[in-house]
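Student: Structure of the sequence below:
(one chain, ligands or ions: 1)
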Amino acid sequence: MADLSGFPAAPCTPAATISRIPQRQLTAAPVSPLGNKRATNDHGPLSELSAGAVNQSALNIQQHNAIPKKTVGRGLPTSTAAARALDASDKRGLANQKRLPNAVSRKPSASSSISGTTTFNGNQALRSKSATSMRSRQLTQRPASAQGEVISSSRIMPVSMDTNNASWDLRGRLDQIESNYSTLLSRYDENGEDLKSKVVALETERTNLELRLRQTEVEKSELHQEMRSLKVSMEDEIRRTHIDMEDMERKHKIELEEQQRLARINEEDHAHQLRIKDDEIAACKKKLEEESDIHNKSIEDLKRALIEDNLRVTQELQREFALEKNGLMAEFQEQEQNIRRKCESQTASLHSELSQLAIEHQRERDTLSDELENARKDLLSVHAQVSSTEEKLLLQQKINSDLRQVISDQSANILSVEATKISLSSKTQELDALIATKDNAIRILEQRLADADEKVSCAKEKLMREETLRRNLHNQVQELKGNIRVFCRVRPPIAGETNEIAEIRYPDKDTECSTIELLGPSIESATGIASTKSHVFGFDRVFSAHASNADVFSEISQLVQSALDGYNVCIFCYGQTGSGKTFTMSSEDGMISRAVDQIFSTADSLQDRGWSYRMEGQFLEIYNETINDLLVDTNEFDNKKLEMRNDAKEGKISIPDLSTAVLRDQHDVKSVLRKAARNRSVAATKANERSSRSHSVFILSLNGTNTVTSEERHGTLNLIDLAGSERLAHSQSTDDRLRETVSINKSLSCLREVITAIGSKDRSHIPYRNSKLTYLLQYSLGGNSKTLMFVNISPVKQHLSETVSSLRFATVVNNTHIGPAKRK
Ligand SMILES: Nc1ncnc2c1ncn2[C@@H]1O[C@H](COP(=O)(O)OP(=O)(O)OP(=O)(O)O)[C@@H](O)[C@H]1O
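Tutor: Numbers count the residues shown, from 1 in each chain. As a prediction, the model looks like this:
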C-alpha cells in the first residue's frame, strides 16, 4: 500500500483488487539517496524505468504539493516543464477522478487503506484550479527563463536544492523527468486501459462475490434457521428421550417393585408352606405321641382292668367260696343240728343213719373239697392268665418303646427328608425352569427349522417348477424357432482308457449346462513356449460322463410326448465308433425303451380323456446303402431287399415291404427290440461288428383317436442309432471293412450336406437322394418334424481330433433352421 501512495495516478482500487495486482509490481522500493524509491522487481531496465518514472512523478507531485500556496498565489513564474508537470498531474488527477469515481466513492475503506493516494486525489481538484490560474498568469507575466528556471528549480527542490548550485543539471533533469513522465503517461494510459478492464472484471467479480455473499448469507440464515429447527427438534428429541427414559425408569422401578413384591410374596408363601409343613410335622408328632399315650393308657387301663378283674374274680371267688362255705357251714350246722335233733330225738334209732349221714357228710365234704380244689385251680389259672397278660403288657410296652424309638427315628428321617425334599424341590424348580427355557428354545429352533425346511422345500419346489418351466419355454422357443436341437453326451472312460483321457471342461455346469470345452494336447512353439489349444462348443444341453440315461431322458421326455400329440419326432445319435450311441439309444434303459415306456403310460392316462392309440413299430437298418428289415425271422434276414417310397402328400417316406409289429404294450415293444437285436447279432457273426457299421432306425407310429371329440392324431417317433463315423486313415480298413467305412462315411457326409443345404439361404435343392439315410430322414430333417440330435463323444485323448470334428458338425446342425413342426 505504501507504494501506491507514491504512484501519482494510481486508481483508487478496492482492497480486493489491489491484492490481486502482482506483488512484484507492488514491492516496496528502497529509498534512493535522492529520496526516490527504486523498484526492486526483476523486470529489467523497463521496469526500472517505470519504477523510476513512477517515483519521479511522485517526487514531482510531492514537489508540487510542497509549493507554498502563498508562492502560487503570488503568481510566481514557473517553468513550462513544471507547469506541464503540474498540468499533467492535474490532468491525471482529473483523469483518475473521472476514471475511478466509483472506486473512490464506492469504497471508502479502500480510500482509507490507500490514504496517500486519496489525499493526493482530493488535493488535485484544488490544485487543478490553482494550476489553471497559475498557467494563465504564467502566460501573461512570463518572466525571464533563467529566473523562471531558478524559481522552477526552487519549487522542484524546495528542501534539498540550492538555487545557486550550478553543478545540478536542472534542465537535463527536467527533460529527463519530462521524457520519463511522457513514457509514464503512455504506460499509464496502457495500464489504465488494462486496469480499467481489470476493474471491470474485478467489479464483476465483486458483484459475483457480493451475490455469493448474499447467497452465502441467505444460506447462512437458512442454515441458522435449520440449525435452530434442528436444535429445537434435538431439544424435543432430548426431552422426549428424557421423558421416555423417565417412563422407562418408572416402568422398570414399578416392575422391580412388582418383582420384589412377588418375590416377597413367594418368600412368604414358602415360609408359610414351611410353617404349615412344620405344623403338620408337629401335629403328626403330637398325634403319634397322643396315639402312643392313648396306647399306653389303653395298655395301663387294660393292665388295671386285668388286675381289677383278677382281684374282682379272686374276691368274688373268695366271696362265693366264703358264701358257699358259710352257706354250707350253715346248712351243715343246720343239718347237724337237725341230725342232732333227730339224733337226739331218734338217739339210738338213728345211730346207723347217723353213721350213714356221717359218711354222706364225709362224702359231701370230699365233694366240697374237690370243688374248693377246683376253685383253687381256677384261681391259679386266672393267676396264670394275669401273669400272661402282664407279660403281654410288658411285651406291648417294649413294642411301644420300640415304636417310640422308631417314631423319633422317623421324625429325624422326616426332617432330613423334608430338608432334602426342599432342596430337591428348589432344584426341581430350577430344572423345571431350565427345561422350560430349553423347551422354549427347542420349540423356537424347531419352529425355525420347520420354517427353514418349509422355505427350502418351497424353494426347491419353486426351483423345480421354474426349471421345468424354463425347459418347457426353451423347448417351445426352439420349436418356434424350428431349429434342430443338439444334445452333446460325453461317454465315461471304460476299462483300459483311464490313462488316456482328454481334459474336458464344462464351464457352465452349474447353470445352463450347455457348453463344453476340450483342451488339446500341449504344443510347443518355435520359441519353446508351450500352449494348449482349447475348443469351446455350445449346444442346447451338454451331458457330462456322470449323466445317466435317466438324466438324459428327462430332457427329451417332452419331445417324446409330442409324438403322442401328433408330431413327427426324430431323435438320432451321431458320433464316432465307440462313443456311446448304442448305449444312449438302444441299451436296456436307453432312449428307445424309456420313450416307449413313457408313450404307453401317457397313452394309458389319456384314455380318461377319450383317447385311444394304435401303435405300430418298425425296425430297419441301412447297411452298405441297403435297407434291411430287422423284424423278419432270422433265417430271412438279409434276404429281403427293401425300397423306399416318397409319399409327398402325406409328408412321409414309407417302405411298403417293411414288417410292422402292432404294439399293444411294453412287452410287445421289448420283444420287437429283442428280435431286432437278435437279427443284428446274427448279422454280426457274418460281418464283423456289423451293429456299429450300420444305421439302425426304430419307427414307432402312433395313431390316436378321440372317441369324445372325434379328433385324430398321427405322430411318428423315429429313434436312430447312426453308424460310427470313422476316418479312413484311422480305421486302416481293407476290403469289406473299407466298403463299409466308405458307405458309412458317404451316408454321413450326405447327412452333413443335407443339413448344410437346409441351413443355407438357398434351399432350392437339398440333396436328400444322395443316400438312403438322408432319403429316409428327409421329412424329419427338412421340416414338419421335431428333430433332436445326440452328438456322442469319446473322452479318449487319442480320439480328440475325431471328437472335435463331430462337435463341429453338431454345431452346424445346431445352427440349422428347419422351420417349425406342424401337427398332423
Ligand atoms: N454313458 C455311458 N455309461 C457307461 N458306459 C458307456 C456309456 N456310453 C458308452 N458306454 C460303453 O462304451 C462302450 C461303447 O459304447 P457303444 O457301443 O454305445 O458305442 P457306439 O457309439 O454305439 O459304438 P458303435 O458306433 O461302434 O456302435 C460300450 O461298452 C458301452 O457300454
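
Student: CA only for contacts and neighbour counts going forward, please
Tutor: OK.

Student: Can you classify the most far-flung residue of the chain relative to its centre as helix, strand or coil?
Tutor: Largest separation from the mean C-alpha position in the chain: Ala348, at 152.2 Å (Cα atoms, centre = their mean). Secondary structure, DSSP: H, G, I helix; E, B strand; the rest coil: Ala348 is coil.

Student: Near the ligand, which residues of this structure? Just list them.
Tutor: Taking Cα under 6 Å from any ligand atom as the contact definition, the chain meets the ligand at 491-492, 576-583, 691-692, 723-724.

Student: 5 Å instead?
Tutor: Where the chain comes near the ligand, counting by Cα under 5 Å from any ligand atom, the residues are 491, 577-583, 692, 724.

Student: okay, who's weakest in the residues you listed by pLDDT?
Tutor: Lowest pLDDT within these is found at Ser692 (67).

Student: Can you flag which of the residues of the chain next to the ligand belong to helices?
Tutor: Mapping the residues of the chain next to the ligand onto helices (DSSP state H) picks out 581-583.

Student: for these, which one is nearest Asn792?
Tutor: Lys581 (6.1 Å; Cα to Cα).

Student: Wait, that closest one touches Asp721, no?
Tutor: Yes - between Lys581 and Asp721 there is a contact at 6.3 Å, judged by Cα atoms under 8 Å.

Student: joint contacts of the two?
Tutor: Taking Cα atoms under 8 Å, 6 or more residues apart in numbering as the criterion, Lys581 and Asp721 both touch 573-574.

Student: Make sure Val569 is indeed in a strand.
Tutor: Yes - Val569 sits within a strand when classified using three-state DSSP.

Student: Bridge partners for it, pull those for me.
Tutor: Leu717, Lys786 (DSSP bridges).

Student: and it, what does it touch?
Tutor: 559-560, 562-563, 715-718, 780, 785-787 are the contacts of Val569 under Cα under 8 Å, 6+ apart.

Student: Low-confidence ranges, the stretch 101-250 of the chain, go.
Tutor: 101-168 (pLDDT under 70).

Student: for the stretch 501-650 of the chain, same thing?
Tutor: Using pLDDT under 70, the stretch 501-650 of the chain drops low at 638.

Student: quick one: the helices in it?
Tutor: For the stretch 501-650 of the chain, the helices defined by DSSP state H, counting those that start in this stretch cover 549-564, 581-586, 591-606.

Student: still on that earlier bit, among the ones in helices among the residues of the chain next to the ligand, which one lies nearest to Asn208?
Tutor: Lys581 (84.9 Å).

Student: For Ala305, what is the enclosing helix or strand?
Tutor: Here Ala305, judged by DSSP states H and E, is contained in helix 170-346.

Student: roughly how far is that helix from the heart of the chain?
Tutor: Its chain's C-alpha centre and that of helix 170-346 lie 43 Å apart, by Cα atoms, centre = their mean, to the nearest Å.

Student: Just the mean pLDDT for the very next helix or strand once past that helix, thanks.
Tutor: Sequence order places helix 351-481 as the next helix or strand after helix 170-346, per DSSP H and E. For helix 351-481, mean pLDDT rounds to 83.

Student: could you give the angle of helix 351-481 to helix 549-564?
Tutor: Using axes from the mean of the first three to the mean of the last three Cα atoms, to 10 degrees, the inter-axis angle of helix 351-481 relative to helix 549-564 is 60 degrees.
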